[in-house]
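>>> Using only what follows, build the 3D model:
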Amino acid sequence: MNGASWSRPLLNLDLRAWRELRRRHPWALSRQLELRCYFAGGMLSALGAIQQALYARALQELELRPPLFLVGHWRSGTTLLHELLALDSDFVTPSTYACFNPHHFLLTRHAALKSSRSALRPTGDVEVRPDSPQEEEFALLCLGAVSPYEAFLFPSALSQVPRLSDPDRFEPAQARRWDRTMTWILKATAYAGGAQRRLLLKSPSDAFRIAHLRRLFEGARFVRIVREPGAVFASTLRLWESMWRRYALTTAPTREVLIEELLRIGLELDIAMGEALGRLPARDVATVRYEALVSDPYRTIAAVYEQLSLKEPAGWRSRIEAYLLLHPAPARSATPSDQPWRARVENGWALLYERYRDSRT
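Numbers count the residues shown, from 1 in each chain. Below is the predicted model of the structure:
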């Protein structure tokens, strides 16, 4: 891996982000890769300094409306839910361009978002454009905040995903930096898209930090999405393997180790998410089943609006129908039954199966 990793595609991490990563993950890398990372990081940091100088005052004065966070396990349907809710013009979401170029997107967004280019995600299932709704987690990573997505680059960090997700478990200085970075991302998104609009955010990692987000952004609300656990596990396994093929800078663990880690992380995520949401007022939480969202998107989302007392926009059904004509909802696939890990998932994720059966929309 090390011999060829110098030419692998890189995420746009600035200089501070690379330094922090290397401090936490001091694996040996090729000299060419190190030089490439630090040179590119320095350029991005310089752009970030210019952006900060131009926009710091405007962002400091900006007041955010309470965000709406979409939470759930990876591959549970958060992306589909995010894209459908983003059709409501009252919401503003971080764009793919902003999340992968947070150092300069305010400077360059007008030209970049006119681009018609698109690409498939590494998982090969969703087409992404510069203006597509995206996870703010990538912006956190690129700006040097602690993030579980460090594990895409350094696979050994997979075992630390829960701890790397929750600022309440960080060192105090890391937690303060995370808060500043997250607040900056949200304010910059609102500034670019309209401060009067409500932020719509999606990152599975947020399921580990619900209590922290609620303190940081008073009045924040949450929509949890659940999906048949066997399908979630199969898709998550493919996610990590595909991301490592593309981005890993060091050797990835064996599939057996990956399976064990995903079982542990999934259970921790569900427990943390369930406990945190259970402490919130019912009016601030809604639950969606992925299968219901696919089979009847309008009715499912209308139930979310009713639960959260949100005003349904005019022409809502027609917007969803127009979107699905261009992006047909994925066909429901049977849960893999012949996989060697199936029995282990049913046993290890018994709590998730129970939560899935009990969920209602």
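>>> tell me which strands and helices the helix or strand that contains T183 is in contact with?
T183 belongs to helix 172-193 when assigned by DSSP states H and E. Here helix 172-193 touches helix 31-61, strand 91-92, helix 96-100, helix 105-112, helix 136-142, strand 198-202, helix 210-216, going by 3 or more CB pairs under 8 Å, 6 or more residues apart in numbering; DSSP states H and E. From N, CA and C alone the C-beta is placed, and that goes for glycine too.
>>> Could you give me the buried positions within it?
Under the neighbour-count criterion of 16 or more other CB atoms under 10 Å, helix 172-193 has 174-175, 177-179, 181-182, 184-193 buried.
>>> any idea of the mean pLDDT for that helix?
For helix 172-193, mean pLDDT rounds to 97.
>>> who touches that helix?
By CB atoms under 8 Å, 6 or more residues apart in numbering, the residues outside helix 172-193 that reach it are 55, 58-59, 62, 64-65, 67, 92-95, 98, 102, 105-106, 109, 136, 139-140, 143-146, 167-168, 170, 197, 199, 201, 216-217.
>>> okay, that helix in PDB with CA atoms only?
Listed next in PDB are the C-alpha coordinates belonging to helix 172-193 (Å, rounded to 0.1, in the frame of the first residue of the first chain):
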ATOM      1  CA  PRO A 172     -11.100  19.900  25.800                       C
ATOM      2  CA  ALA A 173      -9.000  21.700  23.100                       C
ATOM      3  CA  GLN A 174     -10.200  19.300  20.400                       C
ATOM      4  CA  ALA A 175     -13.900  19.800  21.500                       C
ATOM      5  CA  ARG A 176     -13.600  23.500  21.400                       C
ATOM      6  CA  ARG A 177     -12.100  23.400  17.900                       C
ATOM      7  CA  TRP A 178     -14.800  21.000  16.800                       C
ATOM      8  CA  ASP A 179     -17.500  23.400  18.000                       C
ATOM      9  CA  ARG A 180     -15.900  26.300  16.200                       C
ATOM     10  CA  THR A 181     -15.500  24.400  13.000                       C
ATOM     11  CA  MET A 182     -19.000  23.000  13.000                       C
ATOM     12  CA  THR A 183     -20.500  26.400  13.800                       C
ATOM     13  CA  TRP A 184     -18.400  27.900  11.000                       C
ATOM     14  CA  ILE A 185     -19.600  25.300   8.500                       C
ATOM     15  CA  LEU A 186     -23.200  25.900   9.300                       C
ATOM     16  CA  LYS A 187     -23.000  29.700   9.300                       C
ATOM     17  CA  ALA A 188     -21.100  29.600   6.000                       C
ATOM     18  CA  THR A 189     -23.800  27.300   4.500                       C
ATOM     19  CA  ALA A 190     -26.500  29.600   5.700                       C
ATOM     20  CA  TYR A 191     -24.700  32.700   4.400                       C
ATOM     21  CA  ALA A 192     -24.300  31.200   1.000                       C
ATOM     22  CA  GLY A 193     -27.800  29.800   0.800                       C
END
